[in-house]
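[1] attaching a predicted model along with its sequence, questions to come.
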Amino acid sequence: MTARRPRRPSVVRTGAALAAAALLGTALVAPASAATQDGTWWYSGMGVAEVHAQGATGAGVTVAVIDDGIFPEMSYLADADLQVHEPSFCADDSDTPIPAARPLEQAAWHGTTVTGFVVGNGRGADGGPSIAGVAPDARVLFYAVSDGRVLQDDDGYTCQQSLAEDAVDASEMARALRQAVDDGAQIITISVSGAYVYDVDVRAALAWALHEGVIVVAALGELKTGEVIPVSDDLARANGVVAVEACDAELQPMEGEPGSGAPMKHDRVTVCAPGVGLLVQGTDEGDTTTTRLSGGTSLAAPITAGAIAAVWSAYPEATGHQMLQSLIHNTGAEEHELDYDPVYGYGVVGLRHMLREDPTTFPDENPLLLDVGENAGGRSDPITQSEVAEATRPVWPGDPDAPAATPEPSATTAPTAGAAPQDPDAGDGSGGGVPAGALVGGGAAVAALVVVAVLLARRRTSGAATTTAP
């Protein structure tokens, strides 16, 4: 599959869009330039090397990447401060956990590439240019999940959520999110999808991450012609999360329906970041050396996470909430009033602009965690502010520290002496009784969501190495 063509939407540019257009300023790269052709336009345009020269390299900041597998031996990951959580959070068809670190052809190209845009050193296998990260000195924690599909090659390799009886009773994404927070991640970037936004365990883990002040960055979904996927934006739809769109060298967001020139429609967009026509290395067929151009929101998300990490390393006293404030207030290259555009969000990620402004001057509150009343149907069942404020570390059945299950009373157990028999049709007086029919309906709903997760989950990166949705 070839990379998606950049979109040329005919929209009226508001203040946010004008600020986005100022990202590269006089250094705006023309489509015919060598930098655009070799996929390095974004690196020079954002001023990544310039920011690094000022000491903003991500040192001291911990970024978690949740994706499919990773091939740590890739040349552009050499010398990176990379810690891979083993095993992955998925298993083979015999319920044996699969290694997170594995060859590219075993569903690892995507995760490896995403990681490269955070901490890549820019060196290809032959010494030539390759993926360069925005925060090369950051510490990266990698967690492997499946992306909602069952992957299988000629050797019978599969990756699916474990069904073992002694497994923790929570989805792989929920467990990965919780583990990332436990391990000290300050930023979590996610570029895979699988109907996770509807998973109650993911919701609990995400609320806990937001409660702890962790910045969660998620790639927006990409739709092809004729597809209607209600969970396409997935975790990027969640309240409090940074939802990232992909922009090209002309700062135009990715095209929606191919050939239409129309914007891709999302419930929400936080920022737009470089994600079209970027230099990548390797393929998911196992080639570890070839470089080429690719793109997608999957790449824009880690670039955004890397930008936050780089600036945060220059202002270590800032909180995660203040870094989010800086992200949305300091888009583009020049000062501007906070404004919002439905296509660009708050604007294009402004790395230089963010570094110029001290984030500790902003309020210590998550500007993306809206009051539900302000959302008026913009998201499906959004996480509430009170839910985040009251969140605790989730514990699920199967955890070593999970409370023991309360035994079900026997049907023949005699009532306690003096206690009146209870009417089986009566509630408990609190209004919290659940009819049996509702339980059956709930089970059907869960089953339906499992089908959605398997059938509709998709990667968000366009390019030759991207597989199509089942």
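    Perfect, thanks for sending it.

[2] I figured Ala391 hits Ala205, correct?
    No - the criterion here is CB atoms under 8 Å, and Ala391 misses it with Ala205 at 9.2 Å. C-betas here are computed from N, CA, C, even on glycine.

[3] who has more neighbours, those two?
    Ala205 (27 against 19; other CB atoms under 10 Å).

[4] three-state assignment of that one?
    Here Ala205 is helix, with the state taken from DSSP: H, G, I helix; E, B strand; the rest coil.

[5] please report how far the nearest residue in space to Glu365 that is not next to it in sequence lies from Met46.
    Nearest residue to Glu365, sequence neighbours excluded (CB to CB, 6 or more residues apart in numbering): His321, at 5.3 Å. From His321 across to Met46, the span is 23 Å (CB to CB, to the nearest Å).

[6] who has more neighbours out of the two?
    Legend: neighbour count by other CB under 10 Å for His321 and Met46, higher for Met46 (26 against 21).

[7] distance check, that one against Val271.
    12 Å.

[8] what is in contact with these two at once?
    Common neighbours of Met46 and Val271 are listed as Val349 (criterion: CB atoms under 8 Å, 6 or more residues apart in numbering).

[9] where do the helices of this protein begin and end?
    With helices called from DSSP state H, the chain shows them at 15-21, 34-37, 41-46, 48-53, 109-119, 172-182, 200-211, 297-314, 320-329, 351-356, 385-389, 436-456.

[10] what's the least confident stretch among these?
    Ranked by mean pLDDT, these end with helix 436-456 at the bottom, a mean of 37.

[11] for the closest residue in space to Met46 that isn't next to it in sequence, what are its contacts?
    Spatial nearest neighbour of Met46, chain neighbours left out: Leu351 (4.7 Å); criterion: CB to CB, 6+ apart. Contacts for Leu351 (CB under 8 Å, 6+ apart) come out as 46-48, 51, 134, 307, 310-311.

[12] repeat that for 6 Å
    Applying CB atoms under 6 Å, 6 or more residues apart in numbering to Leu351 gives the contacts 46-47, 51, 307.

[13] between those residues, which sits nearest Val181?
    Nearest to Val181 out of the contacts of Leu351 is Ala307 (CB to CB; 21.3 Å).

[14] report the separation between that closest one and His353.
    Distance of Ala307 to His353, computed by CB to CB: 10 Å.

[15] same check, this time on Glu335
    Distance from Glu335 to His353, by CB to CB: 8 Å.

[16] for Leu370, same thing?
    For Leu370, the distance to His353 - CB to CB - is 24 Å.

[17] between these two, which is the more surrounded one?
    His353 (24 against 18).

[18] what's near enough to touch the more buried one?
    330, 333 are the contacts of His353 under CB under 6 Å, 6+ apart.

[19] measure Asp248 to Ser294 for me?
    13 Å.

[20] circling back to that earlier point, could the helices of the chain go into JSON lines alongside distance to Gln281?
    Output for those, formatted as JSON lines (distance: least, CB to CB, whole Å):
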{"stretch": "helix 15-21", "distance to Gln281": "28"}
{"stretch": "helix 34-37", "distance to Gln281": "16"}
{"stretch": "helix 41-46", "distance to Gln281": "14"}
{"stretch": "helix 48-53", "distance to Gln281": "17"}
{"stretch": "helix 109-119", "distance to Gln281": "8"}
{"stretch": "helix 172-182", "distance to Gln281": "25"}
{"stretch": "helix 200-211", "distance to Gln281": "31"}
{"stretch": "helix 297-314", "distance to Gln281": "12"}
{"stretch": "helix 320-329", "distance to Gln281": "28"}
{"stretch": "helix 351-356", "distance to Gln281": "23"}
{"stretch": "helix 385-389", "distance to Gln281": "38"}
{"stretch": "helix 436-456", "distance to Gln281": "29"}
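
[21] nearest to Trp396, out of these?
    Using CB to CB, the helices of the chain put helix 200-211 closest to Trp396, at 6.4 Å.

[22] residues contacting the spatially closest residue to Gly58 that is not a sequence neighbour?
    Nearest residue to Gly58, sequence neighbours excluded (CB to CB, 6+ apart): Ala135, at 2.7 Å. For Ala135, the contact set (CB under 6 Å, 6+ apart) comprises 58, 118, 306, 309-310.

[23] need the per-residue pLDDT for Ala135.
    98.

[24] then Glu335?
    86.

[25] what about it, neighbour count?
    Around Glu335 there are 12 residues (other CB under 10 Å).

[26] ok, it - contacts?
    Glu335 touches nothing, counting by CB under 6 Å, 6+ apart.

[27] again, but for Ala310
    51, 56, 58, 134-135.

[28] try it again with 10 Å
    Ala310 makes contact with 46, 48, 51-52, 54-59, 61, 118, 133-138, 351, 354-355, according to CB atoms under 10 Å, 6 or more residues apart in numbering.

[29] which non-adjacent residue is nearest Val311?
    Per CB to CB, 6+ apart, closest to Val311 is Met354, 4.6 Å.

[30] ok, that neighbour touching Met323?
    Yes - counting by CB atoms under 10 Å, Met354 does reach Met323; the two are 8.5 Å apart.

[31] who touches both of those two?
    307-308, 311-312, 315.

[32] which of those residues sit farthest apart?
    Maximum distance among these (CB to CB): 13.0 Å, for Ala307 and Tyr315.

[33] who has more neighbours out of the two?
    Remark: of Ala307 and Tyr315, Ala307 carries more neighbours, 30 against 18, as counted by other CB under 10 Å.

[34] one step back: report the buried members of the contacts of Ala310.
    Among the contacts of Ala310, the ones that count as buried by 16 or more other CB atoms under 10 Å are 46, 48, 51-52, 56-59, 61, 118, 133-138, 351, 354-355.

[35] ok, now which ones touch Arg393?
    Taking CB under 10 Å, 6+ apart, one finds 178, 181-182, 204-205, 208, 211-212, 401 in contact with Arg393.

[36] show me how to select, in PyMOL, the buried members of those residues.
    The PyMOL selection below is limited to those of the contacts of Arg393 classed as buried (16+ other CB under 10 Å):
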select buried, resi 178+181+204+205+208+211+212
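
[37] all strands of this protein, in order?
    Using DSSP state E, the strands found in the chain span residues 62-67, 81-84, 121-123, 129-132, 139-144, 187-190, 215-219, 242-247, 271-274, 278-281, 291-296, 461-462.
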